[in-house]
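**Q** fold the stuff below for me.
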Amino acid sequence: MNHRTAIIGLGIMGQRMLGNMHRYPGFDVVAAWDPDDAVCDAVHLQYPDVAITPDADMAIARDDVGVVYIACPPRFHAEHANKALRATKAVYCEKPLDVDAVRARALIDHANDAGCVNIVNFSLAGALATTEIERRLRDGVVGDVVGMDIRLHFATWPRDWQMAAADWLSFREDGGFTREVLSHWIYLAQRLLGAPVLQDAAVRYPPSPAAETHVTALLEAGGAPVSVAASVGGQGPDLVEATLWGTRQSLRIIDWNRLYCSDGGAFEEALCDVDDPREAGYRSQLEAAHDAVAGANSPMPTFAEAFAVQAIIEDILAREIGSS
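**A** Numbers count the residues shown, from 1 in each chain. Next up, the predicted model:
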């Protein structure tokens, strides 16, 4: 059975999710809202069966909506999620829950008290690469984990395809690549190794209020060191990768969905039977979200699990070079 869904926020992520929910089974989008009338008009033209409501409250309150997917800027996440919980709807939220820790904790408490399904869209949660690494860890293929390295580089931030959201992605308040990208990989470390603990970090910011340009960090998860090196600027392709180093086999995820392995030689591609890893990732993520909303076993992180990642991210961002 498909879950009937309202989308709050029709920016980059909202429209991508709308397209994926339209293309793959599991969810039927019946309503949507965005403060930009031109965006709403364009979406309605492409998806005429999706009702564009005058405000977010009306989309959430609809009797035919059982799930509210929230994809607006982070500072508004808790506001809409709390309204959805009061309406006893399942909430499928982009990360982070809120850039304010007090509001985020209050939202978790509200979700627990309401008894509603609550999940956060860390894209690696349902990824085939993630489940394959888990299998190899479980089966002893990797051996002992000796560390994990996370490497990110972007020629510009926001990236070209994100410029429609530059009004918030560019700034410290709730943007930056640490919240937007690094959080997914800290989630992966938490998922594979256990709760990470931040040991040290250094963050460089340009003149306020712009977002960070350089981040280094060292964490520990499950007794293994997790290193982070991330930066913005300079010519060259973007780099998004994480390597799990093992005594028998090491595994590397590149560009979110491509898995590589090494038994000592060059890294070679795994999951070769997957024709389009990106599309397979979208589909498997929606399958995991569908299962979570249905009350079945699912790898999707709850609000509480996602907040554990968020707390580390905000701790990293607070370690500004030169600050006391």
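**Q** could you use CA atoms for every contact and neighbour count after this?
**A** Fine.
**Q** strands along the stretch 201-324 of the chain, start to end?
**A** In the stretch 201-324 of the chain, the strands defined using DSSP state E, counting those that start in this stretch lie at 214-221, 224-232, 239-246, 250-254, 258-262, 268-269.
**Q** which one of these lies closest to Ala129?
**A** If you check each of the strands of the stretch 201-324 of the chain against Ala129 by Cα to Cα, strand 258-262 wins as the nearest, at 5.7 Å.
**Q** and that closest one, which strands flank it?
**A** Note on strand 258-262: by DSSP bridges, its sheet partners are strand 250-254 (antiparallel), strand 268-269 (antiparallel).
**Q** and those: which comes nearest Pro207?
**A** Distance to Pro207, taken as Cα to Cα, is lowest for strand 250-254 among those, at 31.5 Å.
**Q** pretty sure Ala292 contacts Met300?
**A** Yes. Checked against Cα atoms under 8 Å, the pair Ala292 and Met300 is within contact range at 6.8 Å.
**Q** which neighbours do these two share?
**A** Here Ala292 and Met300 share the contacting residues Ile119, scored by Cα atoms under 8 Å, 6 or more residues apart in numbering.
**Q** for the residue most central in space within the chain, what are its contacts?
**A** By Cα atoms, centre = their mean, the chain has its centre lying nearest to Phe122, at 2.9 Å. Going by Cα under 8 Å, 6+ apart, Phe122 touches 94-95, 184, 187, 300-301.
**Q** what's the farthest-apart pair in those residues?
**A** The widest separation within the contacts of Phe122 (Cα to Cα) is 13.4 Å, between Glu94 and Tyr187.
**Q** turn the strands of the stretch 201-324 of the chain into a markdown table, columns for distance to Tyr47.
**A** Listed next are these as a markdown table, based on distance: least, Cα to Cα, whole Å:
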| stretch | distance to Tyr47 |
| --- | --- |
| strand 214-221 | 40 |
| strand 224-232 | 36 |
| strand 239-246 | 32 |
| strand 250-254 | 33 |
| strand 258-262 | 31 |
| strand 268-269 | 37 |
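**Q** quick one: which of those strands is nearest Ala106?
**A** With Cα to Cα as the measure, strand 214-221 is the member of the strands of the stretch 201-324 of the chain nearest Ala106 (26.4 Å).
**Q** follow-up on the earlier one: looking at the strands of the stretch 201-324 of the chain, which is closest to Gly19?
**A** It's strand 258-262; of these, that one is closest to Gly19 (Cα to Cα) at 21.9 Å.
**Q** who has more neighbours, Glu94 and Tyr187?
**A** Counted by other Cα atoms under 10 Å, Glu94 and Tyr187 do not tie: Tyr187 has more neighbours, with 26 against 22.
**Q** what is the mean pLDDT for the strand or helix carrying Arg16?
**A** Using DSSP states H and E, Arg16 sits within helix 12-23. Mean per-residue pLDDT for helix 12-23: 97.
**Q** partner strands of the very next helix or strand once past it and their direction?
**A** Under the assignment DSSP H and E, the closest C-terminal helix or strand after helix 12-23 is strand 27-33. Strand pairing for strand 27-33, using DSSP bridges, gives strand 3-8 (parallel), strand 51-52 (parallel).
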